[in-house]
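# What shape does this take:
(chains A, B, C and D, ligands or ions: 2)
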Protein chains: 2
Amino acid sequence: MFLSKTFGYALRGVLYVAYIDKEGRKVQLDEMAEKLKVPRHFLAKIMKLMVKEGIMQSTKGPYGGFSLNEHTLKTKLIQLVRITEGVEQFNTCVLSLRKCNSQNPCPLHQQMLELRDAMLAEFSAKTLDDLLNSDDPDFIKSIATA
Amino acid sequence: MFLSKTFGYALRGVLYVAYIDKEGRKVQLDEMAEKLKVPRHFLAKIMKLMVKEGIMQSTKGPYGGFSLNEHTLKTKLIQLVRITEGVEQFNTCVLSLRKCNSQNPCPLHQQMLELRDAMLAEFSAKTLDDLLNSDDPDFIKSIATA
DNA sequence: TTTATAAAAGACCTATACGTCCTTTATTGA
DNA sequence: TCAATAAAGGACGTATAGGTCTTTTATAAA
Ligand code: FES
Ligand code: FES
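Ligands and ions are numbered 1, 2, ... in the order given. Next comes the predicted model:
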């Protein structure tokens, strides 16, 4: 109902890289796909997209892999949404009638507006760093499928 | 991002029927599809589903069409969600990691939990009748595409 | 300068949400 | 009892999210 698989994989992927980065090493796709239990090739596609969008970096070849750059930890969740599914979704009507409009509100407008705005605010404020409890020994577990 | 097209069509469809019902007449698919500007055959499929689920009734043949039954106005939004997309969605993790679980929370769990619960509460409490402003002359406009 | 490694690129496949169409069944009034 | 009407049933088509595979490019070390 809420967010796409793609967004979830993207977030979990970059968080994994950030976490491992604290150990001072790069992360490769095989490791990520295995640890996070996500489809390797699909993850590759998403990681590549994030690199192209500049929120992290990668190097090819031996000892290569994904690593952080100066933007990564400052990246806001809303940017990840934008990259993976586009933000317009935050201002379309929940009934997909049109662009959500308080002048011509749909029957669910009142009940949804504050929730949606709260969510948007949350996603606009929170950075990846905010989500990174590097002191949590179970952090990896929290981003991996059970 | 939020709800499916199917849910939106279902809600708008039943609200239209309810609104017209106050005028004491039944509603037919052709009229609904035209007024709401939704694909006629797809709407048919959804209306038929709602009838089968018992939240409204229909009669075939001349002067037939859709009309309310004793359950319609008391129907809660959550039921409509259940019928059109299944409610499990309300207790799966937003990162689709698993069943959402406070004992093993994902990095977005804290920020999403209250929003999702608020939404669930909203959908569990609100009935179709609550959404029906039959005194609003622009009601139809509010459920039709611009 | 070759070989191994690992991401980038992009073609391709699959499942599902969304949508269309045709035939059947029930109802009505002439 | 027939013709017209309108929903029910169900097959079928399309678009997109999700997922797989193969080839190409960059990098590192021997
Ligand atoms: S108009 Fe529908 S959510 Fe605002
Ligand atoms: S565990 Fe992810 S939302 Fe609760």
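
# Please count neighbours and contacts with C-alpha atoms only from this point.
Fine.

# from what I can see A:Phe66 touches A:Thr59, true?
Yes - counting by C-alpha atoms under 8 Å, A:Thr59 is a contact partner of A:Phe66 at 6.6 Å.

# who has more neighbours, those two?
Set side by side, A:Phe66 and A:Thr59 show more neighbours around A:Phe66, with 24 against 12, by other C-alpha atoms under 10 Å in any protein chain shown.

# Could I get the phi/psi values of that one?
phi -100, psi 140 (degrees, to the nearest 10).

# ok, it - contacts?
A:Val17, A:Lys26, A:Val27, A:Gln28, A:Met56, A:Gln57, A:Ser58, A:Thr59 (C-alpha atoms under 8 Å, 6 or more residues apart in numbering or on different chains).

# Can you tell me which of those has the most neighbours?
A:Met56 (23 neighbours).

# so it makes contact with A:Ser67?
Yes - counting by C-alpha under 8 Å, A:Ser67 is a contact partner of A:Met56 at 6.3 Å.

# List the contacts of the residue of chain A found nearest ligand 2.
Residue nearest to ligand 2 within chain A: A:Ser142 (7.8 Å; C-alpha to the nearest ligand atom). By C-alpha under 8 Å, 6+ apart, the residues touching A:Ser142 are B:Asn104, B:Pro105, B:Cys106, B:Pro107.

# Which member of these is positioned nearest DNA strand D?
B:Cys106 (17.9 Å; C-alpha to the nearest atom of the strand).

# can you tell me the helix or strand for the residue of chain A closest to ligand 2?
A:Ser142 belongs to helix A:139-143 when assigned by DSSP states H and E.

# Next: A:Ser58.
strand A:57-59.

# Describe which strands that strand pairs with in its sheet and in which direction.
Paired neighbours of strand A:57-59 in the sheet (DSSP bridges): strand A:65-67 (antiparallel).

# list the helices and strands the helix or strand just after the partner strand packs on?
Next helix or strand after strand A:65-67 toward the C-terminus (DSSP H and E): helix A:77-85. Contacts defined by 3 or more C-alpha pairs under 8 Å, 6 or more residues apart in numbering or on different chains; DSSP states H and E place helix A:77-85 against helix A:5-21, helix A:109-125.

# Tell me which residues are up against helix A:77-85.
With C-alpha under 8 Å, 6+ apart as the test, helix A:77-85 has contacts from A:4, A:6-7, A:10-11, A:49-50, A:53, A:87, A:120, A:123-128.

# Now flag whichever of those is closest to B:Ser96.
For those, the closest approach to B:Ser96 (C-alpha to C-alpha) belongs to A:Ser4, at 8.5 Å.

# Roughly how far does that closest one sit from A:Gln57?
Counting by C-alpha to C-alpha, to the nearest Å, the gap from A:Ser4 to A:Gln57 is 23 Å.

# count of neighbours near A:Asn104?
Neighbourhood size, A:Asn104 [other C-alpha under 10 Å]: 15.

# and what of A:Phe2?
15.

# sec struct for it, please.
Going by DSSP: H, G, I helix; E, B strand; the rest coil, the secondary structure assigned to A:Phe2 is coil.

# what's the distance between it and DNA strand C?
For A:Phe2, the distance to DNA strand C (C-alpha to the nearest atom of the strand, to the nearest Å) stands at 13 Å.

# coming back round to it: so which of the contacts of A:Ser142 are also by DNA strand C?
Filtering the contacts of A:Ser142 for proximity to DNA strand C by C-alpha under 7 Å from any atom of the strand leaves nothing.

# What subset of those is buried?
Using 16 or more other C-alpha atoms under 10 Å in any protein chain shown as the burial test, these include B:Pro105, B:Cys106, B:Pro107 as buried.

# Quick check: chain neighbours aside, which residue is closest to the last one?
If you skip the residues right next to it in sequence, B:Pro107 has A:Leu131 as its closest partner in space, 5.6 Å away by C-alpha to C-alpha, 6 or more residues apart in numbering or on different chains.

# Would you mind measuring from the one you found to A:Ala118?
For A:Leu131, the distance to A:Ala118 - C-alpha to C-alpha - is 18 Å.

# One more: A:Leu49?
Distance, A:Leu49 to A:Ala118, by C-alpha to C-alpha: 28 Å.

# where does chain A have low pLDDT?
A:1 (pLDDT under 70).

# do that again at 90, thanks
Across chain A, residues meeting the criterion (pLDDT under 90) sit at A:1-2, A:86-92, A:96, A:98-99, A:101, A:104, A:110-113, A:115-116, A:133-138, A:145-146.

# Before I go, just wanted to say thanks for your time.
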